[in-house]
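> Pasted the sequence and its predicted model underneath.
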Amino acid sequence: MIQFRNPNHMPTNKIDYLRITLYASLIAIVLVLFQAWDKDHPKPVVTTTPAIQTTATNNYVPQITDNSQPVQPVTTTTVLPVIDQKIIHVKTDVVQVDINPVGGNIVQVKLLQYPEELNSKTPFILLNDTPDTRYIAQSGLLATSGPDTSKGQAQYTVDQTDYTLGADQNEIKINLHWSNAEGLNIIKTFTFHRDSYEIDVNYQINNQSAQIWTGNPYLQLMRKNAPPVGKHGLVNFATYFGAAVSTPSKAYDKITFKQMDSSNLNQTIKGGWAAMIQHYFVSSWVPDKNTTSQYFTRVTTDGLYTVGMLGQKVEVNPGQQATTQARFYAGPAIASKLEKVAPGLQLTIDYGWLWFISVIIFWMMEKIYSFVGNWGWSIVLVTVLIKLMFYRLSAKSYRSMSGLKKIQPKINALKERLGNDKQKFTQATLELYKKEKVNPMSGCLPVIVQIPVFIALYWVLIESVQLRQAPWILWIHDLSIYDPYYILPVLMGLSMLVQQRLNPPPPDPMQAKLMMAMPIVFTVLFAKFPAGLMLYWFVNNTLSFLQQWYIMHDLGRAEKLEKTRKLTKN
């Protein structure tokens, strides 16, 4: 609780200005969050992956260099033999993936359990091979004798082009084959698992040639700098959109597209991961934790931003075999799933600088949701828990405010008598505060306490894919977007107004008008904030009002009892 050891050092007008400054600061924070949020909630671009029509394909293969030099792209157009190049389609219970036999690249990922829009049957498309929004995952073995060379990627063959995870299967394997005339045989295997967004990618190298095969595995994510567009036609800046890597010194290191434009990453890392991040979803390559790779970023001439890694050299003697392996994740940003993929990958759910509060809030919400089965009621109950945690702190504040309201007539009398002499009025008012043992700053304390919780909850509601398209009751069908009828913002504003009525107004008429305008200002600013955030703020204000009313009523009853006791005694 905020107290002043010497109230004479804090004039009344400064106290009132400080109170308004706190509210103004909250408005400023709201404006910043609003500008971010209004550019939020992307409307996914509907994309399709057409079948390959020509025998020419662009390849972007990293070039082997020593670690003192950055990895540079080799961009070529390789003319392939005229053979069947149909896309390979794989469907499990949670994803539908398209694989290009040229390079064995993942060129499309549909998330079957995440609709593109509310009440839509069209699944959200994360990776795609459409020219304007291209976002693909490449992997390969780079060697002078193939399968991938500086001239382009390998042309794999496959037994069939359509695979579906059966009801009685827990995993499905897709084998891609490549060989050359010298006797080098490569099998690239994709393994899909039930109820999983992880894909295992393994290479089996069978060297039946007369020479030692030497090559480097590589993994990379490539995408256009084309952020998803929001429903108001604004680019999504609310959450992070870009790349990230994990290093021993920094578990989550963001690399923006702007940074890629200015310089290339070139760092040797053991284990780790590289990811591309967008709102609610993430894709990531994870090499074997015991391997050391050269991590790199680069931008191709046609605007593909790339983050990836070049693995250490692999040698296979004639007549010998060897294997390499990696994991690929493409799906929702759910901490429990990401933690299992790689250490630190859950940090791609970026809660900002108040992440430690956000993590606690989401943990409570998730536990409550496991019982009530509704994220809206989970928000309500978490708000109740937060109010209970700060009950005693708020109670002291409300008791002090009740004292201020009680002496308001005395302050008005002082103003009538000394209003023309501001110095004497201020001195007399502070002496009255001291005599009545009230703290004029206590009314600001609830606002101060709520600001970090408000910001932390904002990021929970924005970042948590679990709340995407999550309903509450009646007209609220999606807690992550604004109330379509603006009912919750209006209720929030009314709750602020009612609560304000319980507080003593500032002695200055202009300040009093500003304070009374706050509920209107907040209602307008909050109009297009997520319904879940409005639900929290409304419930929080209502609980604060009830607590304050109860305390003031209890104090009034205690005063009456005290007066009755004195009269009885006399």
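Perfect, I can see it now.

> can we go C-alpha only for contacts and neighbour counts from here?
Fine.

> what separates the residue positioned nearest the centre of the chain from residue 190, distance-wise?
Computing the C-alpha centroid of the chain and ranking residues by CA atoms, centre = their mean puts residue 463 first, at 2.9 Å. Separation of residue 463 from residue 190 (CA to CA, to the nearest Å): 30 Å.

> wait, what's in contact with residue 113?
94, 95, 123 (CA atoms under 8 Å, 6 or more residues apart in numbering).

> among the residues you listed, which are in strands?
95, 123 (DSSP state E).

> list the helices and strands whichever helix or strand residue 384 is part of packs on?
Assigned by DSSP states H and E, residue 384 belongs to helix 375-389. Packing partners of helix 375-389 (3 or more CA pairs under 8 Å, 6 or more residues apart in numbering; DSSP states H and E): helix 355-372, helix 531-569.

> Among those, which one carries the weakest average confidence?
For the helices and strands packed on helix 375-389, mean pLDDT drops lowest on helix 531-569, to a mean of 75.

> quick one: what helix or strand has residue 215 in it?
Using DSSP H and E, the element containing residue 215 is strand 213-224.

> Tell me which residues are up against that strand.
62, 132-145, 207, 274-276, 284-285, 303-318, 324.

> which residues are in contact with the helix holding residue 384?
By CA under 8 Å, 6+ apart, helix 375-389 touches 361, 364-366, 368-369, 372, 467, 470-473, 479, 532, 535-536, 539-540, 543-544.

> What mean pLDDT does the host helix or strand of residue 518 get?
Assigned by DSSP H and E, residue 518 falls within helix 509-526. The average pLDDT for helix 509-526 rounds to 74.

> other SSEs contacting that helix?
helix 12-37, helix 487-501.

> Check the ones you listed for me: which has the lowest mean pLDDT.
Minimum mean pLDDT among those: helix 12-37, a mean of 49.

> quick one on the thing from earlier: just want the angle from the helix holding residue 384 to helix 355-372.
Going by axes from the mean of the first three to the mean of the last three CA atoms, to 10 degrees, helix 375-389 is angled at 120 degrees with respect to helix 355-372.

> What are the buried residues along helix 375-389?
Across helix 375-389, burial judged by 16 or more other CA atoms under 10 Å covers 375, 376, 377, 378, 379, 380, 381, 382, 383, 387.

> give me every residue that touches the closest residue to residue 240 other than its chain neighbours.
Excluding the flanking residues, the one nearest residue 240 by CA to CA, 6 or more residues apart in numbering is residue 278, at 6.3 Å. Contact analysis of residue 278 by CA under 8 Å, 6+ apart lists 227, 239, 240, 241, 242.

> What remains of the contacts of strand 213-224 if I keep only buried residues?
62, 133-143, 207, 274-276, 284-285, 304-311, 314-318, 324.

> Now intersect the residues you listed with the strands, please.
62, 135-142, 207, 274-276, 284-285, 304-311, 314-316, 324.

> how much distance is there from the helix holding residue 518 to the middle of the chain?
31 Å (CA atoms, centre = their mean, to the nearest Å).

> tilt between the host helix or strand of residue 205 and strand 135-142?
Using DSSP H and E, residue 205 sits within strand 198-207. In terms of direction (the same axes, to 10 degrees), strand 198-207 departs from strand 135-142 by 20 degrees.

> and residue 277, how many neighbours?
20 (other CA atoms under 10 Å).

> Residue 429 versus residue 357, what's the distance?
39 Å.

> more neighbours, the two?
More crowded of residue 357 and residue 429, by other CA under 10 Å: residue 429, with 21 against 18.

> Need the three-state assignment for the nearest residue to the more buried one once chain neighbours are set aside.
Spatial nearest neighbour of residue 429, excluding adjacent residues (CA to CA, 6+ apart): residue 411 at 6.6 Å. Here residue 411 is recorded as helix under DSSP: H, G, I helix; E, B strand; the rest coil.

> Correct me if wrong: residue 411 contacts residue 427.
No. The pair formed by residue 411 and residue 427 falls short of the contact definition of CA atoms under 8 Å, at 11.5 Å.

> more crowded one of those two?
residue 411 (20 against 17).

> ok, residue 103 touching residue 149?
No. Residue 103 lies out of contact with residue 149 (CA under 8 Å); the separation is 10.6 Å.

> Overlap in contacts, the two.
With CA under 8 Å, 6+ apart, residue 103 and residue 149 have no common neighbours.

> helices and strands of this protein: which one bottoms out on pLDDT?
Counting by mean pLDDT, DSSP states H and E, the weakest-scoring helix or strand in the chain turns out to be strand 42-43, with a mean of 38.

> What sits closest to residue 351 if chain neighbours are left out?
residue 459 (5.4 Å).

> what helix or strand is the one you found on?
Assigned by DSSP H and E, residue 459 falls in helix 445-463.

> now that helix against helix 355-372, angle please.
Using the same axes, to 10 degrees: helix 445-463 against helix 355-372 is 70 degrees.

> how far does stretch 462-480 stretch from start to finish?
7 Å.

> now the end-to-end length of stretch 519-535.
Start-to-end, stretch 519-535 (CA to CA) is 16 Å.

> and residue 282, what does it touch?
275, 276, 329, 330, 331, 332, 333, 348.

> Just the buried subset of those, written out for ChimeraX, thanks.
Those of the contacts of residue 282 that count as buried under 16+ other CA under 10 Å are selected in ChimeraX with:
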select :275,276,329,330,331,332,333,348
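
> Closest to residue 340 out of the contacts of residue 282?
residue 329 (10.7 Å; CA to CA).

> Okay, the closest one and residue 370: tell me how far apart.
Taken as CA to CA, the span from residue 329 to residue 370 is 26 Å.

> mean confidence for the strand holding residue 215?
93.

> Export only the CA atoms of that strand, formatted as PDB.
The C-alpha trace of strand 213-224 is given here as PDB (Å, rounded to 0.1, in the frame of the first residue of the first chain):
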ATOM      1  CA  TRP A 213      30.600 -40.700 -50.300                       C
ATOM      2  CA  THR A 214      31.000 -37.400 -48.400                       C
ATOM      3  CA  GLY A 215      28.100 -35.000 -47.900                       C
ATOM      4  CA  ASN A 216      26.400 -32.500 -45.500                       C
ATOM      5  CA  PRO A 217      22.700 -32.700 -44.400                       C
ATOM      6  CA  TYR A 218      20.900 -29.400 -44.400                       C
ATOM      7  CA  LEU A 219      17.500 -28.200 -43.100                       C
ATOM      8  CA  GLN A 220      15.900 -24.900 -43.900                       C
ATOM      9  CA  LEU A 221      12.600 -23.000 -43.800                       C
ATOM     10  CA  MET A 222      11.900 -20.500 -46.600                       C
ATOM     11  CA  ARG A 223       9.000 -18.000 -46.800                       C
ATOM     12  CA  LYS A 224       8.000 -14.700 -48.300                       C
END
